[in-house]
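1. Got a predicted structure plus its sequence, pasted below:
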Amino acid sequence: MLPLFVHVPFIGHGQLTIGQQEFINMLLPVIKQVNREISEQRSGIYELYQKFRTPRGISSEQSQIIYKYLKFYRCDVPADFSTFELRDAHFKELLRKIDIIPQKLILAQAALESNWGKSRFAKDGFNFFGIRCMSRGCGYKPKNAEDKNFMVKAYPSMLDGLRDYTRLLNSSKYYKELRDLRIADRLNAELPNPMEMAKGLENFSIKRIEYVNSLIYMMKHNFYYF
């Protein structure tokens, strides 16, 4: 399901209000922590991949760790580990999916979707991205949404909300283009480019390319130094 889109008027670079700067200061440490966790996952998987390619291979317990990551990141694996056969392609798929989301892009989406943290979903449920859920009691009902069959997900903490958001971008089929753009940067020995990766977020909003342009504009004018 596509998250809600919240339109926010833009301000030019260098004109951040006190509230907007506080919003950035609040989110940045959590963003850094989540990206650090993702980087550690990626490094650990790469190390196991290197061992897997040796004649000795890896243990059953280590194979199970990879299997759990594959399930967590919505890869196509058997429901039962006993029928799972670890392959080279499994590692490559995980390394394509498990990677950081640039903090500039996270800040832009969070500001845009939550109106700089002012939305009730951000205040009450630590949901800065309008991420939806379908199960009963999973979040809050949007007041004016045409489709009333979903809720906006609530999280116990800001850290949980950021973790779920990065998992969504790193695992959902709707954001494969974003991941492909990130891979292109990695192949050129570059850090993921937030401006380029934003082009892979058309499916995040019904506004599609207009939404992407809004993110790029916001990154250029409000998050120049982040």
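-> Thanks, I have it.
2. wait, doesn't residue 216 sit right on residue 200?
-> No - Residue 216 is not in contact with residue 200 according to CB atoms under 8 Å; the separation is 12.0 Å. Heads up, the C-betas are built off the backbone N, CA and C, glycines and all.
3. What is the three-state secondary structure of the residue positioned nearest the centre of the chain?
-> For the chain, residue 166 is the residue whose C-alpha lies nearest the centre (CA atoms, centre = their mean; 2.2 Å). Secondary structure state of residue 166, per DSSP: H, G, I helix; E, B strand; the rest coil, is helix.
4. Next one, pLDDT for it please.
-> If you check residue 166, the pLDDT there is 98.
5. could we number from 18 for the rest of this?
-> Sure, I'll start numbering at 18, so the last one becomes residue 183.
6. Would you mind pulling up the elements that the helix or strand hosting residue 194 packs against?
-> When elements are assigned from DSSP states H and E, residue 194 belongs to helix 193-204. On a contact count with 3 or more CB pairs under 8 Å, 6 or more residues apart in numbering; DSSP states H and E, helix 193-204 meets helix 105-114, helix 175-188, helix 211-214.
7. can you give me the strands for the protein?
-> Using DSSP state E, the strands of the chain run over 149-150, 156-157, 168-170.
8. Which stretch among those is buried most, on average?
-> Compared across these, strand 168-170 shows the largest average neighbour count, a mean of 23 (mean count of other CB atoms under 10 Å).
9. Could I get the average pLDDT for it?
-> If you average the pLDDT values across strand 168-170, you get 94.
10. So which elements touch that strand?
-> helix 137-142, strand 149-150, strand 156-157.
11. give me that answer again for 7 Å
-> The helices and strands touching strand 168-170, judged by 3 or more CB pairs under 7 Å, 6 or more residues apart in numbering; DSSP states H and E, are strand 149-150, strand 156-157.
12. Can you lay out these as a markdown table showing mean pLDDT?
-> Formatted as a markdown table, the helices and strands packed on strand 168-170 follow (pLDDT from 0 to 100):
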| stretch | mean pLDDT |
| --- | --- |
| strand 149-150 | 92 |
| strand 156-157 | 91 |
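13. do you know which of the ones you listed lies nearest residue 56?
-> Between residue 56 and those, the shortest gap by CB to CB is with strand 149-150, which sits at 27.4 Å.
14. ok, the closest one: who's next to it in the sheet?
-> Sheet pairing of strand 149-150 (DSSP bridges) gives strand 168-170 (antiparallel).
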